[in-house]
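Enquirer: pasting the structure only:
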Ligand SMILES: [Zn+2]
């Protein structure tokens with residue numbers, strides 16, 4: 001008999017079975033996966049990025 005592996009969804013905490021068929025593992029559903037990814041993306045968005053200095057837009061007219 002196969003051992004069943006249960007994991008708690010990181011998003012909602014719902015205990016789901018971890019199988020090869022669960023494409024959204026460790027999440028319980030696609031929705032939770034998307035919510036978590038969205039939260040991560042929003043978190044990353046808040047981090048100020050100081051890499052814009054290399055943008056050639058500002059000095060475009062100066063270089064000739
Ligand atoms: Zn979930």
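Expert: That came through fine. This structure is a prediction, so every number in the text was calculated from the model and none was measured.

Enquirer: What are the buried residues along the lowest-mean-pLDDT helix or strand in the chain?
Expert: Using mean pLDDT, DSSP states H and E, helix 30-46 stands out as the lowest-scoring helix or strand of the chain, at a mean of 85. For helix 30-46, the neighbour count (16 or more other C-beta atoms under 10 Å) marks 32, 33, 36 as buried. Quick note: C-beta positions are derived from backbone N, CA and C, even for glycine.

Enquirer: what residues does the chain put near the ion?
Expert: 9, 11, 12, 14, 28, 32 (C-beta under 5 Å from the ion).

Enquirer: Could you export these as TSV, including secondary structure and distance to residue 21?
Expert: As requested, the residues of the chain next to the ion are exported to TSV (DSSP: H, G, I helix; E, B strand; the rest coil; distance: C-beta to C-beta, whole Å):
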residue	secondary structure	distance to residue 21
9	coil	16
11	coil	19
12	coil	19
14	coil	17
28	coil	13
32	helix	16
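
Enquirer: Among those, name the buried ones.
Expert: Buried residues within the residues of the chain next to the ion, counting neighbours by 16+ other C-beta under 10 Å: 9, 11, 28, 32.

Enquirer: Test my guess that the second one contacts residue 34.
Expert: This points to residue 11. No. Contact criterion C-beta atoms under 8 Å: residue 11 and residue 34 do not qualify, at 9.3 Å.

Enquirer: In three-state terms, label residue 21 for me.
Expert: Using DSSP: H, G, I helix; E, B strand; the rest coil, the structure places residue 21 in coil.

Enquirer: which ones are touching it?
Expert: By C-beta atoms under 8 Å, 6 or more residues apart in numbering, the contact set of residue 21 is empty.
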